[in-house]
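1. pasting the sequence and the predicted coordinates here, then a few questions.
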Amino acid sequence: MFHALSRFDRRRTLRTGAVLAVVLGLLAWWLLPLGERTPSGTLTFSTGVPSGVYQRYGERLEGALAKDMPEVSIKLLTSEGSQQNLARVATGKADFTIATADAVATYVRDGRPGAHRLRGCVRLYDDYVQLVVPRDSDIASVADLRGKRVGVGQEGSGVRLVADRLLSAAGVHPQRDLTAVSAGINTMPDRLVSGDLDAFFWSGGLPTGAVHELSQRFAIKLVPLEEELVKELQSNGGSARYYRSATMPADAYRYAQRGTSVPTVAVANLLITTDRIDPAMAEAFTRTVINSRDGIGREVHAAQLVDLRTAIYTDPLTVHEGARRYYRSVKP
C-alpha cells in the first residue's frame, strides 16, 4: 500500500508539473504581442567611420542588445556615414542604421532605391556641424575657405551633404572655389596636423572623440557658423528644413573653445530600419535603445540626449509598427 501511494503521488506531481509548464508557456506566449516568439536570428547594423560617434555608439549598443536579445546575433558594419547607411538599409544590405534627418529627406525626395521601405524607430541625438581649423588660422568664416584645402567628408557621408550646402549658402562653390578633399574623421585630424588640410568639416554628436583627442595634442579652434548663414541654408527649403541654429556648449571641447560657446548648425539623428523587419524585432530593438541610454551615455555622451518624450518623432519617416508598439506600451 505504501509503495502504491508513493507511485500515485509521484504521478500526480508529474502531471501537476506538466500542466504548470504548459500554463507558464501559454502565459509567456500571451504576453508577447499576438503570440510572437522572442526575437532570434542575425541583424546587421550599419554604423560609420571607425573613430566616429556612430561606430562608438554601435559598439556599446551591441553589448546592450546581446543582453536583451540573447538569441539575436548582431553584426556591425562600418560605413562612410549617413548616405551610405541609408542605401544599405533601403536595399536590404543592412537591417538597422543611424542617419541624419536631412540625409533621409534627400534620399526619399530623390526616389532612391528602396526609399519607400524606410521606417523610423527612434529620434536619437543631434549632430553638430564642426568646422575645425588650426588655432592660428586666418579662417574665421565659411566664406574664408576660398582657395583652401578642405576636408568635406567621404562621398557617402552626411558630412559631405551638409558641407556642400553650407559652402553654397556662403557663396563658395564646393568644387571650383576650393580644393575639396574626400576624407573621414578617421584621417582628417592627422591631415590637419601635417598641413595637408587647412580646415575640415565634421558633423557628429558632442563631443566627438577624434576632435577631442586632436584638441589635446594640437592647437585648434572651431569656426562659428552664424545664424545668418543658417537662415541662408534653410532658405533652400526641402530637406534643408531639418537644419536648425544651435550652440556648442563652452565645455564641449574645452581645449579648443577655451570657455567660449560656438554658434553652429544641428540636425537630428534617426535610428532607421525598413518594413522588412518583423514588428517584434523592431519593438525589442527600440526598447533596448531607450533602456540603454544612461549606460551607453557614460561612454558616448551624445546617447544621454535620447529622450523618450521625443523619440517617436522620426520625421520624415513613418514610425515602424514595432517601434510604435513599444511607445504605446510605455505611454503613461
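-> Yes, it's here. Numbering: from 1, shown residues only.
2. partner residues bridging the residue positioned nearest the centre of the chain?
-> For the chain, Ile98 is the residue whose C-alpha lies nearest the centre (C-alpha atoms, centre = their mean; 3.5 Å). Bridge pairing for Ile98 (DSSP bridges) gives the partners Leu271.
3. gap between it and Val53?
-> 9 Å (C-beta to C-beta, to the nearest Å). For the C-beta atoms, the positions are set from N, CA and C on the backbone; glycine is no exception.
4. got it, and Thr38?
-> Relative to Val53, and taking C-beta to C-beta, Thr38 is found at 30 Å.
5. what's next to whichever strand or helix holds Arg287, contact-wise?
-> Following DSSP states H and E, one finds Arg287 within helix 279-291. Helix 279-291 is touched from outside by 32-33, 36-39, 41, 43, 61, 64-65, 68-69, 72, 96, 119, 121-122, 124, 271, 273, 306, 308, 311, 320-323, 325-327, 329-330, with contacts defined as C-beta atoms under 8 Å, 6 or more residues apart in numbering.
6. try stretch 252-263
-> Residues contacting stretch 252-263 (C-beta under 8 Å, 6+ apart): 128, 132, 135, 206-207, 211-212, 215-216, 220-222, 224-227, 245-251.
7. how does it look with 7 Å?
-> With contacts defined as C-beta atoms under 7 Å, 6 or more residues apart in numbering, stretch 252-263 is touched by 206-207, 211-212, 215-216, 220-222, 224-227, 245, 247-250.
8. next: stretch 59-68.
-> Taking C-beta under 7 Å, 6+ apart as the rule, stretch 59-68 contacts 72, 74, 76, 284, 288-289, 292, 295-296, 299-300.
9. buried only: go through those residues for me.
-> 72, 74, 76, 284, 288-289, 292, 296, 300 (16 or more other C-beta atoms under 10 Å).
10. any idea which of those is least confident?
-> Minimum pLDDT for the buried ones among the contacts of stretch 59-68 is recorded at Val300 (90).
11. ok, that one touching Arg56?
-> Yes - using C-beta atoms under 7 Å, Val300 makes contact with Arg56 at a distance of 5.1 Å.
12. coming back round to it: next, format the contacts of stretch 59-68 as CSV and append distance to Asp196.
-> Formatted as CSV, the contacts of stretch 59-68 follow (distance: C-beta to C-beta, whole Å):
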residue, distance to Asp196
Val72, 42
Ile74, 36
Leu76, 29
Ala284, 45
Thr288, 41
Val289, 38
Ser292, 38
Gly295, 38
Ile296, 34
Glu299, 31
Val300, 29
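13. Gly195: which of the residues you listed is nearest?
-> Val300 (31.0 Å; C-beta to C-beta).
14. where do the helices sit along the stretch 201-332 of the chain?
-> 209-217, 227-234, 254-257, 279-291, 293-297, 321-330 (DSSP state H, counting those that start in this stretch).
15. ranking those by burial, who's on top?
-> helix 279-291 (a mean of 22; mean count of other C-beta atoms under 10 Å).
16. just the C-alphas of it, formatted as CSV.
-> The C-alpha coordinates for helix 279-291 follow below in CSV (Å, rounded to 0.1, in the frame of the first residue of the first chain):
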residue,chain,number,x,y,z
PRO,A,279,7.5,44.1,-35.6
ALA,A,280,8.7,42.0,-32.6
MET,A,281,12.3,42.6,-33.6
ALA,A,282,11.8,46.3,-34.1
GLU,A,283,10.0,46.6,-30.8
ALA,A,284,12.7,44.8,-28.9
PHE,A,285,15.4,46.8,-30.6
THR,A,286,13.7,50.1,-29.8
ARG,A,287,13.2,49.1,-26.2
THR,A,288,16.9,48.4,-25.8
VAL,A,289,17.9,51.7,-27.4
ILE,A,290,15.8,53.6,-24.9
ASN,A,291,16.6,51.5,-21.9
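17. find the nearest non-adjacent residue to Leu308, please.
-> Ile290 (5.8 Å; C-beta to C-beta, 6 or more residues apart in numbering).
18. buried residues, stretch 166-180. List them.
-> 166-167, 169-170, 172, 174, 177-178, 180.
19. so which of the residues you listed sit within helices?
-> Within those, residues falling in helices by DSSP state H are 166-167, 169.
20. for these, give me CSV that also has pLDDT.
-> CSV is the format used below for these (pLDDT from 0 to 100):
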residue, pLDDT
Leu166, 97
Leu167, 98
Ala169, 96
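21. just put those residues in JSON lines and tack on distance to Val89.
-> JSON lines is the format used below for these (distance: C-beta to C-beta, whole Å):
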{"residue": "Leu166", "distance to Val89": "26"}
{"residue": "Leu167", "distance to Val89": "28"}
{"residue": "Ala169", "distance to Val89": "29"}
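22. and of the residues you listed, the nearest to Ile185?
-> Closest to Ile185, out of all of these and judged by C-beta to C-beta, is Leu166, at 16.8 Å.
23. show me what contacts the closest one?
-> 129, 142, 225, 229, 233.
24. pLDDT value on the residue nearest to the centre of the chain, please?
-> 98.
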